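Novice: Next one to model:
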Amino acid sequence: LAYRAGLGLAQPYGNSSVLPFERRFFAGGANSIRGWSTRSLGPGSYRRPDEKESDFVNQTGDMKLEFSIENRLKLTSLIEFAQFVDAGNIWTLKNYESQPRGQFSKSFYKEIAAAYGVGLRFDLGFLLLRFDVGAQIYDPGRESKKFVMFDPALRRMAWHFGIGYPF
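Specialist: From the prediction side, this is the model:
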């Protein structure tokens, strides 16, 4: 059984009003909340207006909160099986016009996304290859019916390939 909790906070300083893009946080992906593709979750309950799946530039934030728990089971000397649950999101500290509903507020707990999934790991001794599939449980970016666990759809699943354990 492996678990982790993470919190990140970054504040622009000096003559900057926003963090540089490469220093901002993102959520989703093989080492984050695995029910979403990389940079396709958040900030907060932000959703791109034209309903596309992700918005690479605007789906970044100044604050990150993540929790993960993973049960790992060794099937053979080469193959491992994993079950996991991930939760978290990112937020902005300021109310940016290009990221509506992305600012951190006292009701942040309503914007914590959750996902579950399974994975296979191939332990080659010198290298661990990982294949995970994650499905969404709670999507804060949806306008209604945010709890989607019992309404499965391929568009609410993410497939990931990784090298090494996610944490």
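Novice: Please count neighbours and contacts with C-alpha atoms only from this point.
Specialist: Noted.
Novice: Just give the closest residue to residue 132, not the sequence neighbours.
Specialist: Nearest non-adjacent residue to residue 132, counting by Cα to Cα, 6 or more residues apart in numbering: residue 119, 4.0 Å away.
Novice: Run through the chain and note the low-pLDDT ranges.
Specialist: 51-55 (pLDDT under 70).
Novice: just the strands in it please.
Specialist: Assigned by DSSP state E, the strands in the chain fall at 2-9, 63-74, 79-91, 113-123, 128-138, 157-163.
Novice: what's around the residue nearest to residue 132, how many residues?
Specialist: Residues lying near residue 119 (other Cα atoms under 10 Å) number 19.
Novice: re the thing from before, redo the strands of the chain as JSON lines? Include distance to residue 105.
Specialist: Formatted as JSON lines, these follow (distance: least, Cα to Cα, whole Å):
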{"stretch": "strand 2-9", "distance to residue 105": "14"}
{"stretch": "strand 63-74", "distance to residue 105": "12"}
{"stretch": "strand 79-91", "distance to residue 105": "9"}
{"stretch": "strand 113-123", "distance to residue 105": "15"}
{"stretch": "strand 128-138", "distance to residue 105": "19"}
{"stretch": "strand 157-163", "distance to residue 105": "28"}
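Novice: Please name whichever of the ones you listed is nearest to residue 26.
Specialist: Among the strands of the chain, strand 79-91 comes nearest to residue 26, with 6.5 Å by Cα to Cα.
Novice: elements contacting the closest one?
Specialist: strand 63-74, strand 113-123 (3 or more Cα pairs under 8 Å, 6 or more residues apart in numbering; DSSP states H and E).
Novice: hang on, the earlier thing: select, out of the strands of the chain, the one closest to residue 148.
Specialist: Of those, nearest to residue 148 by Cα to Cα is strand 128-138, at 5.3 Å.
Novice: Show me the contact partners of that closest one.
Specialist: With contacts defined as Cα atoms under 8 Å, 6 or more residues apart in numbering, strand 128-138 is touched by 30, 34-36, 112-123, 146-149, 152, 156-165.
Novice: Restricted to buried residues, select those residues in ChimeraX.
Specialist: Entered in ChimeraX, the line below selects the buried ones among the contacts of strand 128-138, by 16 or more other Cα atoms under 10 Å:
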select :30,34,35,36,112,113,114,115,116,117,118,119,120,121,122,123,146,148,149,156,157,158,159,160,161
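Novice: follow-up on the earlier one: quick one, what contacts the residue nearest to residue 132?
Specialist: 81-83, 130-133.
Novice: One more pass at 10 Å, please.
Specialist: Listed by Cα atoms under 10 Å, 6 or more residues apart in numbering, the contact set of residue 119 reads 70, 72, 80-84, 130-134, 159-161.
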